[in-house]
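[1] Quick one, structure for this:
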Amino acid sequence: MSEEVPRLETPCLLLTLPGPDDVNELLAYAERNREHLAPWSPPLPPEAATREGVLRRIERSHQEYRAGSSVRLWLRRAGEPSGPFVGAVSLSQIHLGPFRACYLGYQLDHAAVGQGLMHEALTRVIAYAFSERQLHRIMANYVPTNERSGRVLRRLGFVVEGYARDYLFVGGQFRDHILTALTNHALADAERLCTAVT
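    Residues are numbered from 1 along each chain as shown. Model (predicted):
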């Protein structure tokens with residue numbers, strides 16, 4: 001894992017891919033947020049709660065980054081490069097060519113909710129996706145009862161595009177989701193990018 005990884009900074013946060021030294025922090029984050037995230041997140045396999053499972057997930061995130069198919073960033077507070085994680089933001093299923101789109105996922109530590117950190121993190125990640133990755137479209141879907149998630153997406157300019165019934169297995173059952181997207185209207189040299197062989 002010696003490749004150059006993204007290191008995004010904001011006034012309050014540092015966002016980067018985790019490494020092998022972060023296993024204990026990732027395990028601690030998962031344990032203290034188990035109940036907090038359960039209503040909104042798909043269930044993780046049992047091995048996700050083991051050191052070996054977390055190491056495999058870290059390695060997979062680096063492989064996907066190298067392949068260009070995802071960017072799975074974890075958040076720490078600025079000035080605490082070895083401190084506890086306070087959340088995560090992912091750009092997954094990245095497709096280039098004429099689509100140039102991805103899915104956005106995010107979560108926040110229960111103790112960090114209500115501090116504006118997710119809006120700050122997403123603002124930076126969206127700028128990275130649009131300017132550095134040259135994506136045209138970011139899609140983000142949320143459970144209708146997750147009003148906080150809906151508010152942060154609206155504030156960022158995401159537009160509701162549909163309603164999917166029984167969309168994703170979350171909280172013990174398949175749940176409806178509101179489908180939203182944000183478009184990069186300033187995509188530079190779109191024709192060259194969209195016709196490039198990828």
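[2] now for the helix or strand hosting Arg124, which elements pack on it?
    Per DSSP states H and E, Arg124 falls inside helix 117-127. If you count contacts as 3 or more CB pairs under 8 Å, 6 or more residues apart in numbering; DSSP states H and E, helix 117-127 packs onto strand 7-9, strand 13-16, strand 71-77, strand 85-95, strand 101-108, helix 147-156. Just so you know, the C-beta spots here come from the backbone N, C-alpha and C atoms, and that holds for glycine as well.
[3] Buried residues, the longest helix anywhere in the chain. List them.
    If you go by DSSP state H, the chain has its longest helix at helix 51-67. When burial is assessed from 16 or more other CB atoms under 10 Å, helix 51-67 yields the following buried residues: 53-54, 57-58, 61-62, 64-65.
[4] Those: which two are farthest apart?
    Across the buried residues of helix 51-67, no pair lies farther apart than Gly53 and Tyr65, at 18.9 Å, counting by CB to CB.
[5] can you give me how far the helix holding Arg124 is from the chain middle?
    10 Å (CA atoms, centre = their mean, to the nearest Å).
[6] Okay, buried residues for the helix or strand following it please.
    Scanning forward in sequence from helix 117-127 by DSSP H and E, the next helix or strand is strand 137-142. Across strand 137-142, burial judged by 16+ other CB under 10 Å covers 137-138, 140-142.
[7] pLDDT added to these, as JSON lines?
    Listed next are the buried residues of strand 137-142 as JSON lines, based on pLDDT from 0 to 100:
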{"residue": "Arg137", "pLDDT": "98"}
{"residue": "Ile138", "pLDDT": "98"}
{"residue": "Ala140", "pLDDT": "98"}
{"residue": "Asn141", "pLDDT": "97"}
{"residue": "Tyr142", "pLDDT": "96"}
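[8] Closest to His119 out of those residues?
    Distance to His119 across the buried residues of strand 137-142 (CB to CB) is lowest for Ala140, with 13.2 Å.
[9] Give me the nearest residue to the closest one, chain neighbours excluded.
    Leaving aside its chain neighbours, Ala140 sits nearest to Leu104 (4.2 Å; criterion: CB to CB, 6 or more residues apart in numbering).
[10] check contacts around the one you found.
    Leu104 sits next to 89-91, 122, 125, 138-140 when contact means CB atoms under 8 Å, 6 or more residues apart in numbering.
[11] Mind picking the one among these that's closest to Val23?
    Using CB to CB, Ser90 comes nearest to Val23 of the contacts of Leu104, at 18.4 Å.
[12] Hmm, that closest one is touching Tyr106, no?
    Yes - in this structure Ser90 lies within contact range of Tyr106 using CB atoms under 8 Å: 7.2 Å.
[13] Output stretch 6-21 as CSV, nothing but the C-alphas.
    Output in CSV follows, covering the C-alpha atoms of stretch 6-21 (Å, rounded to 0.1, in the frame of the first residue of the first chain):
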residue,chain,number,x,y,z
PRO,A,6,-5.8,11.2,-1.6
ARG,A,7,-5.5,13.5,1.4
LEU,A,8,-8.3,16.0,1.5
GLU,A,9,-8.3,18.8,4.0
THR,A,10,-11.0,21.2,5.3
PRO,A,11,-10.9,23.7,8.2
CYS,A,12,-12.1,21.0,10.6
LEU,A,13,-11.2,17.7,9.0
LEU,A,14,-8.7,15.4,7.3
LEU,A,15,-10.0,12.8,4.9
THR,A,16,-7.9,9.9,3.6
LEU,A,17,-7.9,6.2,3.0
PRO,A,18,-7.1,4.2,6.1
GLY,A,19,-4.0,2.0,6.4
PRO,A,20,-3.1,-1.1,8.3
ASP,A,21,-2.2,1.0,11.4
